[in-house]
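> turn this into a model:
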Amino acid sequence: MRELKRELATNPERDRREELRSGMKVTWWGMAVNIMLTVLKFGAGVWGNSQALVADAVHSLSDLFSDIVVIFGLRWGRKGEDADHHYGHGRIETLSALIVGIILIAVGIGIIYSAILTIYKHESSAPGEFVLAAAFISVVAKEVIYRYTLAVGRRIRSLAIVANAWHHRSDALSSVAVLIGVGAAYVNPAWQIADSIAAIVVSAFILKVGLSLTWGSLREVIDTAPDQKVLHEIVIKAIDIEGVENVHDLRARYSGSEIFVELHIIVDPDLTVREGHEIATAVETRLCDEMPGVTRVIVHVDPEMD
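As a prediction, the model looks like this:
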């Protein structure tokens, strides 16, 4: 029993360190890509007389800030408990995801405003071929880093990493808008409005993702419980433990990527304290081992009443 408890105590910490390394690695790669694309798109936009590509470069620059926020959230949010934070630092990661969501909303509104202003002023440009090349490189690079980041974020259950992945996708989509608009203007100068229309459509998608991430983060901040499917599975797995007669007063909440659970189990009133404790430990062990994200379980043992 002591060896089991020792193993349970060390495994979460080892997993946390591995998840932190994976999250930091993919975010550093994202920063490198963002720096490269910001320089490329800004230079090509200025040299090629493309306001759309310059605006897209500013979008990539905002991604850099998002990366910094995520790195901060991962570095501190994945720390374990200490004397001042008895439940760990998971809410820091939630706060990071909230900031990224707000950034996406701001970027979406900014692009829509810029596109509408361009249509209103009837601004025109004569983009060169290398502007199209820069936009195409941006689409490919950001789509690759989006898929990589999203896969890591889902694997380590990090809302901040997933949020940052969608920020990469929003940059890729804005580059698609630039590619379509600049391509249309390159083929026929009379089609320059296509750039602005595509930008508005993409910005609507950016706003939707930003609002979704912001709402999800706010739900965690106010201790919203996991969905009913997760709660039902917790009850089923607990009741399946030998000696557990029933489960009641189940409570659960998110803390960053982790789920904290508290529940009461009903057991035979004639059991010894040791036997009741062993059943509670079995419930705790099973939930932590078999429920993704569950890292802390508090089990209260209640006797069955006649």
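> tell me where this protein has strands.
Using DSSP state E, the strands assigned to the chain run over residues 246-255, 258-267, 294-303.
> would you turn the ones you listed into TSV with mean pLDDT?
Converted to TSV, those look like this (pLDDT from 0 to 100):
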stretch	mean pLDDT
strand 246-255	83
strand 258-267	85
strand 294-303	84
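> from those, which stretch is densest packed?
strand 258-267 (a mean of 20; mean count of other CB atoms under 10 Å). All C-beta atoms are positioned from the backbone trio N, CA, C, and that covers glycine.
> that one vs strand 246-255, what angle?
170 degrees (axes from the mean of the first three to the mean of the last three CA atoms, to 10 degrees).
> how far does strand 258-267 sit from its chain's centre?
26 Å (CA atoms, centre = their mean, to the nearest Å).
> same for it, what does it pack against?
When contacts are defined as 3 or more CB pairs under 8 Å, 6 or more residues apart in numbering; DSSP states H and E, strand 258-267 packs onto helix 228-239, strand 246-255, helix 273-290, strand 294-303.
> the second one pairs with which strands, parallel or anti?
What that stands for is strand 246-255. Strands that pair with strand 246-255, judged by DSSP bridges, come out as strand 258-267 (antiparallel).
> picking that back up, any chance of TSV for the strands of the chain, columns distance to G210?
Below are those laid out as TSV (distance: least, CB to CB, whole Å):
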stretch	distance to G210
strand 246-255	20
strand 258-267	24
strand 294-303	28
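> so which of the helices and strands packed on strand 258-267 is nearest G45?
G45 sits nearest to strand 246-255 of all the helices and strands packed on strand 258-267, at 41.0 Å, using CB to CB.
> check the offset of the closest one from the chain's centre.
On CA atoms, centre = their mean, the centre of strand 246-255 falls 24 Å from that of its chain.
> distance to A141 added to the helices and strands packed on strand 258-267, as JSON lines?
Shown next, in JSON lines, are the helices and strands packed on strand 258-267 (distance: least, CB to CB, whole Å):
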{"stretch": "helix 228-239", "distance to A141": "36"}
{"stretch": "strand 246-255", "distance to A141": "32"}
{"stretch": "helix 273-290", "distance to A141": "39"}
{"stretch": "strand 294-303", "distance to A141": "35"}
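> out of those, which is closest to L117?
Judged by CB to CB, the one of those that comes nearest to L117 is strand 246-255, at 40.2 Å.
> what about the helices and strands packed on strand 258-267, which gets the closest to Y120?
Nearest of those to Y120, taken as CB to CB: strand 246-255 at 44.0 Å.
> got the CA coordinates for the closest one in CSV?
This file holds the C-alpha atoms of strand 246-255, laid out as CSV (Å, rounded to 0.1, in the frame of the first residue of the first chain):
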residue,chain,number,x,y,z
ASN,A,246,-23.8,4.2,-3.8
VAL,A,247,-22.4,7.7,-4.6
HIS,A,248,-23.8,11.1,-3.7
ASP,A,249,-22.8,14.8,-3.3
LEU,A,250,-20.5,14.6,-6.3
ARG,A,251,-18.6,17.9,-7.0
ALA,A,252,-16.0,18.5,-9.7
ARG,A,253,-14.3,21.6,-11.2
TYR,A,254,-11.5,22.4,-13.6
SER,A,255,-8.2,24.0,-12.6
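> so that strand versus strand 294-303, what angle?
Between strand 246-255 and strand 294-303, the angle comes out at 150 degrees (the same axes, to 10 degrees).
> strand 246-255 versus helix 273-290: what angle between them?
50 degrees.
> not counting its neighbours along the chain, what's nearest I71?
Excluding the flanking residues, the one nearest I71 by CB to CB, 6 or more residues apart in numbering is T27, at 5.4 Å.
> roughly how far apart are the one you found and V144?
Distance, T27 to V144, using CB to CB, to the nearest Å: 15 Å.
> circling back: so which of the helices and strands packed on strand 258-267 comes closest to S50?
Closest among those, once you apply CB to CB, is strand 246-255, at 43.1 Å.
> gap between the residue nearest to L211 when sequence neighbours are not counted and M305?
Of all residues not flanking L211 in the chain, I105 sits nearest, at 6.4 Å (CB to CB, 6+ apart). Shown here: I105 relative to M305, a distance of 52 Å by CB to CB.
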